[in-house]
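Asks: Just to be clear, the model below is a prediction. Sequence and coordinates:
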Amino acid sequence: MTNPSHAEHQMQMKRQSSGRLMIFGFLSPSLVILLFMVLYPFLSLVYYSFYNFSALRQGAMKPVGLGNYRFLLSDTQLWERFIFTGKFVFICVALQMLIGIFVGYQLQKNFRGRDVVFTLLMMPMMLSPIVVGFLWRYMLNSEWGIVNFLLSSVGLPKIDWLGQANAALWAAAAADTWMWTPFIILLATAAFRGIPETIHEAAEVDGASPAYKFFRITLPISAPVLFIALILRLIDSFKQYDLFIALTGGGPGSSTETVSFAVAKTAFSYFYTGEASALAVILLVIIIGLSMILVRHLTHISQRF
Amino acid sequence: MAEIELRKLTIEFGAFKAVDDVSLTVKNGEFVVYLGPSGCGKTTTLRCIAGLTRATSGDVLFDGQRVNDLTASQRNIAMVFQFVSLYPHMTIRENIVFPLKARGVPSAEITRKLDWVTGIFKLGDELRRYPSALPPGARQKVALARALIRDPAVLLLDEPLSAIDEQFREEMRWELGHLQRQLGVTTIYVTHDQREAMSLADRIVLMNNGNIVQVSTPNDMFFEPVDIFAGQFIGSPSMNLIELAPVVGGLRLGTSNAVLTPQNHAVPEWAVASRRPLRLGIRPHNVHLVDSDIPGFDIPVDSVFGIGREKFFTFTIADTICQGVDQRSRPDGTSGKVRFDPAGLLFFDAETGRRVTGETVL
């Protein structure tokens, strides 16, 4: 036996390593699931993207190098999918942020029935996108939908909302905005209410008009939270797929197909598994790149606080 | 700069009267300190002057103009809050110039004013930093700079030093008083700290339960309190309060055998002759423990203790613990005699708590 402090040290080491083992033990079930559900599909996704491969014909796998990527990036049809997705994302995020911040600002004040209004406003967010899609599909039906009924009742012409490419874009954006603005309202209200009352009073005493106060005090202080909301909505609407399945089915033609929609169609309608994998990788790279830029900006703006 | 007048100001929150029929005029350039315990209505009064709280009835006047219906931003007031109210997302520079920017002051003027105010507060090195990087004391300095940069009609300070470390507080207090006299801006300062009030104020407004108890200079507040509350709120350690029982030719201290008479303590004749029960108020610094061979009362002394250079002693009269200053030449246990300084005797009506003097006695 060496000196006691050494023995103690060894004991401590043992305790520490057994603690580490325990942590690993507890983590392992979820780690295993994570490995199988995320890492394995991801790696095989990247792997398949370099092959001419169809899931229907497992045997015929031909390495094509960057062939799938080259083909996809020169495909004008696919560029249209990207342009449509971009338009959709831009309209949705812009509308949701503007309306969400405005309504959130009204809801930060205390008034009678505020909680009831708040709860009602949160409802659309609780629904499944598929349900929202069908709901809006029925409301926008050109023959018997309530929207056209209301339009014609005030003497306006009926619009074939889901039968024209442009109108369908706006219809989808409206449905997405209806569903997800409450999310922005939720975060914006929380952010606005988190600002200490003395800050508002100080600004009031300092002679700031309500608009000046909103743009120079309220909005900048809430910026980090609003920015997180923006990032989440951006990523989410970029991936939007199920809403279109229910609302437009990608039509008319393929004019309302998002990139995700195209991935699903390539993979599970045409079973061009290799090509679909390459497209999914492209989508992933875009989303990760976008998030990284935004997260870096977020760190930058929240550093001062 | 302006003269501030409160006319019959009452502020209610539901059934609670925070401020009850208060009238007061603060002269141009005066430094007035509102003093009182928590919940006495001092901060509510200040917020009403600022325009952040509405008066239930009564008027607030700036230079004779009624301002009740003006918002805080229309009143040209500056305010420093108890807890930090700097804009966290702005640099110190942006914070300080905010009131000028909000009012659309030209940028040349802003630069000139910024130089002036940063010079006063020695904030030149901090301008590019953010509030979170500064210690609390420096933050309040920035808040003061922001308040003063625009020549306010009145400077309102709501316990501005209470969140600052003791050591730095003394320094800030001195600087604040100095600055106010230099600039001559009408200042209303709210605090519950009597030392701040005593050292800063031209006049102290002592409040309790929504009412003004006394308005006077710090000196008068200390030596001529209008009632028991004023006497006990001002001064540290607190004023002793002893029941007096009339006996033939004098006033006995509680149930002790010590009797104050016109002969031994210059007790005024009216006090001996008073038909109303009286209480004696005397500050610890006017009660002395003296050597046994000097004339005084034989009252048992409970304890003797020192706080730095000062030595105090305590004694009990009718269940009330009293304090005094140990002035014995040979400190020796608790032996000695208790002497009351005749100049420090204050008499209060035992029922109403009001101060009784030769002129007011019935």
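Replies: That came in fine, so what should we check first?

Asks: Look at residue 267 and report its pLDDT.
Replies: With no chain named, the answer covers chain A. Residue A:267 carries a pLDDT score of 85 in this model.

Asks: meant chain B actually
Replies: As predicted, residue B:267 sits at a pLDDT of 88.

Asks: excluding its backbone neighbours, what's nearest residue A:229?
Replies: Excluding the flanking residues, the one nearest residue A:229 by Cβ to Cβ, 6 or more residues apart in numbering or on different chains is residue A:187, at 4.5 Å. Every C-beta, even on glycine, is put in place using the N, C-alpha and C of the backbone.

Asks: what's the distance between residue B:259 and chain A?
Replies: Noted for residue B:259: a distance of 56 Å to chain A, by Cβ to the nearest Cβ, to the nearest Å.

Asks: re the thing from before, does the residue nearest to residue A:229 touch residue A:228 like I think?
Replies: Yes - between residue A:187 and residue A:228 there is a contact at 7.2 Å, judged by Cβ atoms under 8 Å.

Asks: ok, those two, which is more surrounded?
Replies: Legend: neighbour count by other Cβ atoms under 10 Å in any protein chain shown for residue A:187 and residue A:228, higher for residue A:187 (21 against 16).

Asks: Now that one: which helix or strand?
Replies: Counting by DSSP states H and E, the element that carries residue A:187 is helix A:165-193.

Asks: Which SSE is immediately downstream of that helix?
Replies: Toward the C-terminal end, the helix or strand that comes next after helix A:165-193 (DSSP H and E) is helix A:197-205.

Asks: That following helix vs helix A:165-193, what angle?
Replies: For helix A:197-205 against helix A:165-193, the angle by axes from the mean of the first three to the mean of the last three Cα atoms, to 10 degrees is 100 degrees.

Asks: Measure how far helix A:197-205 is from the centre of its chain, please.
Replies: Distance of helix A:197-205 from the chain centroid (Cα atoms, centre = their mean, to the nearest Å) equals 35 Å.

Asks: ok, now how distant is residue A:233 from residue B:124?
Replies: 43 Å (Cβ to Cβ, to the nearest Å).

Asks: neighbour count winner among those two?
Replies: A direct count of neighbours by other Cβ under 10 Å for residue A:233 and residue B:124 places residue A:233 higher, at 23 against 10.

Asks: Okay, now the unreliable bits of the stretch 51-200 of chain A?
Replies: Within the stretch 51-200 of chain A, no range satisfies pLDDT under 70.

Asks: How are the strands of it distributed by residue range?
Replies: In the stretch 51-200 of chain A, the strands defined using DSSP state E, counting those that start in this stretch lie at A:51-54, A:57-63.

Asks: As TSV, those strands with mean neighbour count and distance to residue B:119 would be great.
Replies: Shown next, in TSV, are the strands of the stretch 51-200 of chain A (neighbours: other Cβ atoms under 10 Å in any protein chain shown; distance: least, Cβ to Cβ, whole Å):
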stretch	mean neighbour count	distance to residue B:119
strand A:51-54	20	73
strand A:57-63	10	74
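
Asks: Put together TSV for the ones you listed, with distance to residue B:322 on each row.
Replies: As requested, those are exported to TSV (distance: least, Cβ to Cβ, whole Å):
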stretch	distance to residue B:322
strand A:51-54	97
strand A:57-63	100
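
Asks: Would you mind saying which of these lies nearest residue B:133?
Replies: strand A:51-54 (55.4 Å; Cβ to Cβ).

Asks: How about the residues of the stretch 51-200 of chain A by chain B?
Replies: Proximity of the stretch 51-200 of chain A to chain B, by Cβ under 8 Å from any Cβ of the partner chain, involves residues A:196, A:198-199.

Asks: List just the nearest of the residues you listed to residue B:168.
Replies: Nearest to residue B:168, judged by Cβ to Cβ, of those is residue A:198 at 20.9 Å.

Asks: For the closest one, which non-adjacent residue is spatially closest?
Replies: residue B:85 (4.2 Å).

Asks: secondary structure class for the one you found?
Replies: coil (DSSP: H, G, I helix; E, B strand; the rest coil).

Asks: ok, it touching residue A:200?
Replies: No - the pair residue B:85 / residue A:200 is not scored as a contact, 9.2 Å apart, by Cβ under 8 Å.

Asks: More neighbours: which of these two?
Replies: When neighbours are counted by other Cβ under 10 Å, residue B:85 and residue A:200 differ, and residue B:85 comes out ahead with 26 against 17.

Asks: which residues sit in contact with that one?
Replies: Neighbour list for residue B:85: A:196, A:198-199, A:201-202, B:143 [criterion: Cβ atoms under 8 Å, 6 or more residues apart in numbering or on different chains].

Asks: one more time with 7 Å, if that's ok
Replies: For residue B:85, the contact set (Cβ atoms under 7 Å, 6 or more residues apart in numbering or on different chains) comprises A:198-199, A:202, B:143.

Asks: So which of these wins on neighbours?
Replies: Neighbour tally across those (other Cβ under 10 Å): the maximum, 27 neighbours, falls on residue A:202.

Asks: How much space separates it from residue B:46?
Replies: 14 Å.

Asks: ok, now residue A:64?
Replies: Residue A:64 is 78 Å from residue B:46, by Cβ to Cβ.

Asks: Residue B:19 too?
Replies: 10 Å.

Asks: Compare the two and say which one has the larger neighbour count.
Replies: More neighbours surround residue B:19 than the other of residue B:19 and residue B:46, with 28 against 20 (other Cβ under 10 Å).

Asks: Remind me what the helix or strand containing that one packs against, helices and strands.
Replies: Per DSSP H and E: residue B:19 is located in strand B:16-26. Secondary-structure packing of strand B:16-26 (3 or more Cβ pairs under 7 Å, 6 or more residues apart in numbering or on different chains; DSSP states H and E): strand B:4-13, helix B:42-50, strand B:211-216.

Asks: which residue does the stretch 1-150 of chain A bring closest to chain B?
Replies: Nearest to chain B in the stretch 1-150 of chain A, going by Cβ to the nearest Cβ, is residue A:110, at a distance of 15.0 Å.

Asks: can you tell me which residues contact that residue?
Replies: By Cβ under 7 Å, 6+ apart, residue A:110 has no neighbours at all.

Asks: would you list every one of the helices in the chain?
Replies: Defaulting to chain A. Using DSSP state H, the helices of chain A run over A:4-34, A:40-48, A:67-73, A:76-108, A:114-126, A:129-139, A:146-153, A:165-193, A:197-205, A:210-213, A:219-238, A:242-247, A:259-268, A:273-302.

Asks: Actually, chain B is the one I wanted.
Replies: B:42-50, B:92-102, B:107-121, B:136-148, B:166-183, B:194-200, B:218-223, B:228-233, B:262-265, B:269-273.

Asks: Can you say which of the ones you listed is nearest to residue B:308?
Replies: The nearest among the helices of chain B, by Cβ to Cβ, is helix B:166-183 at 14.9 Å.

Asks: Could I get the CA-only coordinates of that closest one as CSV?
Replies: Output in CSV follows, covering the C-alpha atoms of helix B:166-183 (Å, rounded to 0.1, in the frame of the first residue of the first chain):
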residue,chain,number,x,y,z
GLU,B,166,-22.0,51.3,0.6
GLN,B,167,-18.5,52.6,-0.2
PHE,B,168,-19.3,53.9,-3.6
ARG,B,169,-22.6,55.3,-2.4
GLU,B,170,-20.9,57.9,-0.1
GLU,B,171,-18.9,59.1,-3.0
MET,B,172,-21.8,59.3,-5.4
ARG,B,173,-23.9,61.1,-2.8
TRP,B,174,-21.3,63.7,-2.4
GLU,B,175,-20.9,64.1,-6.1
LEU,B,176,-24.6,64.3,-6.6
GLY,B,177,-25.1,67.1,-4.1
HIS,B,178,-22.2,69.0,-5.5
LEU,B,179,-23.4,68.7,-9.0
GLN,B,180,-27.0,69.8,-8.1
ARG,B,181,-25.7,72.9,-6.5
GLN,B,182,-23.5,73.6,-9.5
LEU,B,183,-26.2,73.1,-12.1
